[in-house]
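Chemist: Structural data only, the sequence is not supplied:
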């Protein structure tokens with residue numbers, strides 16, 4: 001089992017509040033991002049690696065745009 005960095009998000013509430021700040025996401029995109037990150041939420045929270053992988057998968061499945069992915073990655077820097 002790989003060792004992950006400290007959590008970016010520790011709760012569902014933190015995830016909701018953070019993605020709400022991304023104005024380029026529409027309702028369906030917000031829901032897709034929330035669902036993907038919620039799946040990664042475990043006892044230790046969502047790690048940076050899990051966050052990046054979730055965004056990569058959402059982009060691969062065309063659930064978010066490249067612009068949205070970039071904004072969400074910037075959000076990662078703000079969470080530090």
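Modeler: Perfect, I can see it now. These numbers were taken from a predicted model, which means no experiment stands behind them.
Chemist: Please make it C-alpha for all contacts and neighbour counts, starting now.
Modeler: Will do.
Chemist: Distance check, residue 25 against residue 42.
Modeler: 25 Å (C-alpha to C-alpha, to the nearest Å).
Chemist: the more surrounded of the two?
Modeler: Applying other C-alpha atoms under 10 Å to residue 25 and residue 42 shows that residue 25 carries more neighbours, namely 21 against 11.
Chemist: what residues are up against that one?
Modeler: 64, 68 (C-alpha atoms under 8 Å, 6 or more residues apart in numbering).
Chemist: Doesn't it belong to a strand?
Modeler: No. Under DSSP: H, G, I helix; E, B strand; the rest coil, residue 25 falls outside any strand and is assigned coil.
Chemist: Roughly how far does it sit from residue 16?
Modeler: Counting by C-alpha to C-alpha - residue 25 and residue 16 are separated by 12 Å.
Chemist: mind listing the strands for this structure?
Modeler: Assigned by DSSP state E, the strands in the chain fall at 7-9, 46-47.
Chemist: Neighbouring strands of the shortest one in the sheet, and parallel or not?
Modeler: Here the strand partners of strand 46-47, with direction, are listed using DSSP bridges: strand 7-9 (antiparallel).
Chemist: May I see the buried residues of the strand it pairs with?
Modeler: 7, 8, 9 (16 or more other C-alpha atoms under 10 Å).
Chemist: what about residue 51, how many residues close to it?
Modeler: Neighbours of residue 51 using other C-alpha under 10 Å come to 21.
Chemist: What of residue 64?
Modeler: If we define neighbours as other C-alpha under 10 Å, then residue 64 has 22 of them.
Chemist: which residues sit in contact with it?
Modeler: 25, 29, 58.
Chemist: And for residue 44?
Modeler: 7, 10.
Chemist: Residue 66 touches residue 58, doesn't it?
Modeler: No. Taking contacts as C-alpha atoms under 8 Å, residue 66 lies outside contact range of residue 58: 10.0 Å.
Chemist: Could you check which of those two has the larger neighbour count?
Modeler: The neighbour count for residue 66 versus residue 58, taken as other C-alpha under 10 Å, is higher for residue 58 (19 against 15).
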